[in-house]
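Peer 1: following is a predicted model, sequence given first.
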Amino acid sequence: MNKKILMECKAKTLLILSFVFAGYAFAYTNLGVLNFGDPYYTGGKCTALGLTAYSSAKDASSVFTNPAAMGALTGARILLSLPLVSVSERVIPDSDWSGYEGGAYYNSKLYADIPDFAIVYPFGEKIKLGFGITQRQNFRYKHTLNSSTGEKILDYEGKNYIKGHNFAGAMNLGNDWSLGVGYEMLSGKPAFKTFRDDPAAGAFSTTTLTSTDYSGNRIFYSLSKNRGMWNVSFSYFKSAKLDYEKKYTVAISSPAYYSANKYKGSADFPKTFALGFNYVWGGAVAASLYFDIVKTFWSDVDSIYKDKISFHLGIENDISSRLQLRYGMALIPSYERSYVEKAFITAGFGYYLSSSLNLDFGYAYGRRDYLNDWSGGGISYIGRLNETLQIINVSLDWKL
């Protein structure tokens, strides 16, 4: 009889764990972490100007998003970007919805990412070639508190990212038009760990480890027209088939149980289409406007995801011959749920340290709020999550 009960407990536990890694039971964490990561933005200038990765790509960062923009660069360029990211959440569980103080629990994670690097080199007046390394999707996040009680019995941690090694080229076509093409090799090893300790079940604890090794590649194109006072660009990224090898282990303390599985498969990295526009005007206060519209076809990744369009706006004011003040905003709808939207306000500056070296600083403050209602395996959650994302990016732009 006892053996039968133990087997039933194991079965229920495995059922619950299957829901966990389907991305529902621990939905009180960063949505992107549970699915296909959060998009990443390169450079202090892009960060300060409303995360405008396409229209503001007027340095070596164009290797990653808009290779045709390399056609307007004069001389060789090198970009080094140092990002610092903070992700925190405020959970309001179903036990208490009384305003901002009652029933709220907090989790936070601060981490420094690996530097992004890019270089562009001209081969004559018409041809420019570039190379760079950057992140594409970030899976780093940490959750430590039980969503319903606030007790520290639930631990969830995501690590690593999917990075891209980019090779790009641009050709000036004449009449201010440039054509760019890029080839990106994608790879990464996101890893996830969860630990659940249930004192009511007699020190029952479960540890799960999941690691995925991704690899793949894709081609992207862009077309740019640069008229000096204004420019417009069109960028298209083809979807990429990412092959992966997944390792999944489960360890239960009481009753003792261990399971390890490994399997292979593939996932589609989404195709993207972007329109970037930049306008410069003079007058008493010289300024520039940057605007991006980006459509990402998340349904390529999974049919449950929705294709989304994000909007990015940035403004740059020339305070002096050496200092530019920058600010902007971005609205980035979530691909996981139609009622989740991530909004950013951004600010920063650019400063010419010398005639050949520019320092760019960018800060982005974002919020993502959503309700959650889930039940399964004898567990149910109803709550609200206020998620805060802060991005600090410092980059150096060398003109050689």
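Peer 2: Here it is on my side, so go on. Residues are numbered from 1 along each chain as shown.

Peer 1: could you check how far G328 is from S187?
Peer 2: For G328, the distance to S187 equals 31 Å [C-beta to C-beta, to the nearest Å]. Yep, even glycine has a C-beta here, placed from its N, CA and C like the rest.

Peer 1: neighbour count winner among the two?
Peer 2: Neighbours per residue, other C-beta atoms under 10 Å: of G328 and S187, the larger number sits with G328, 27 against 16.

Peer 1: shaky segments in the stretch 301-400 of the chain?
Peer 2: Across the stretch 301-400 of the chain, the ranges flagged by pLDDT under 70 are 336-340, 370-385.

Peer 1: test my guess that S334 contacts A343.
Peer 2: No: between S334 and A343 there is no contact under C-beta atoms under 8 Å: 11.1 Å.

Peer 1: so what sits against both of these two?
Peer 2: Residues touching both S334 and A343 by C-beta atoms under 8 Å, 6 or more residues apart in numbering: R368.

Peer 1: comparing the two, which residue is more hemmed in?
Peer 2: S334 (20 against 14).

Peer 1: got the CA positions of the helix or strand hosting Y279 in PDB?
Peer 2: Assigned by DSSP states H and E, Y279 belongs to strand 272-281. Backbone C-alpha positions of strand 272-281 (Å, rounded to 0.1, in the frame of the first residue of the first chain) are rendered in PDB as follows:
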ATOM      1  CA  THR A 272      12.500  40.100 -39.000                       C
ATOM      2  CA  PHE A 273      11.700  43.100 -41.200                       C
ATOM      3  CA  ALA A 274      12.600  46.600 -40.100                       C
ATOM      4  CA  LEU A 275      12.200  50.200 -41.400                       C
ATOM      5  CA  GLY A 276      14.500  52.800 -40.000                       C
ATOM      6  CA  PHE A 277      14.300  56.600 -40.600                       C
ATOM      7  CA  ASN A 278      16.600  59.400 -39.500                       C
ATOM      8  CA  TYR A 279      16.200  63.100 -40.000                       C
ATOM      9  CA  VAL A 280      18.600  65.900 -39.100                       C
ATOM     10  CA  TRP A 281      17.500  69.500 -38.800                       C
END
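
Peer 1: in it, which residues are buried?
Peer 2: Across strand 272-281, burial judged by 16 or more other C-beta atoms under 10 Å covers 272, 274, 276-278.

Peer 1: what of stretch 178-198?
Peer 2: Going by 16+ other C-beta under 10 Å, stretch 178-198 has these buried residues: 178-180, 182, 184, 186-192, 194-197.

Peer 1: go on, stretch 310-317?
Peer 2: Neighbour counts over stretch 310-317 (16+ other C-beta under 10 Å) mark 310, 312-316 as buried.

Peer 1: format those as CSV; extra columns: secondary structure and distance to K225.
Peer 2: Below are the buried residues of stretch 310-317 laid out as CSV (DSSP: H, G, I helix; E, B strand; the rest coil; distance: C-beta to C-beta, whole Å):
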residue, secondary structure, distance to K225
S310, strand, 23
H312, strand, 20
L313, strand, 20
G314, strand, 20
I315, strand, 21
E316, strand, 20
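
Peer 1: closest one to K126 out of these, please.
Peer 2: E316 (28.7 Å; C-beta to C-beta).

Peer 1: quick one: residues contacting that closest one.
Peer 2: Counting by C-beta under 8 Å, 6+ apart, E316 touches 49, 287-290, 324-326, 350.

Peer 1: what about the nearest residue to it once chain neighbours are set aside, how many neighbours?
Peer 2: Distance criterion C-beta to C-beta, 6 or more residues apart in numbering; nearest residue to E316, sequence neighbours excluded, is S288 at 4.4 Å. For S288, the neighbour count with other C-beta under 10 Å is 21.

Peer 1: same deal with I293?
Peer 2: Burial measure for I293: 15 neighbouring residues, criterion other C-beta under 10 Å.

Peer 1: could you measure it against Y54, distance?
Peer 2: Per C-beta to C-beta, I293 is found 9 Å from Y54.

Peer 1: okay, and the common contacts of the two?
Peer 2: By C-beta under 8 Å, 6+ apart, I293 and Y54 have these common neighbours: 274-275.

Peer 1: circling back to that earlier point, so who does the residue nearest to E316 touch?
Peer 2: Applying C-beta under 8 Å, 6+ apart, the residues near S288 are 278-281, 315-316.

Peer 1: can you tell me the element it falls in?
Peer 2: strand 287-296.

Peer 1: in that strand, what counts as buried?
Peer 2: For strand 287-296, by 16+ other C-beta under 10 Å, it's 288-292, 294, 296.

Peer 1: okay, who's weakest in the residues you listed by pLDDT?
Peer 2: pLDDT across these is lowest for T296, at 90.
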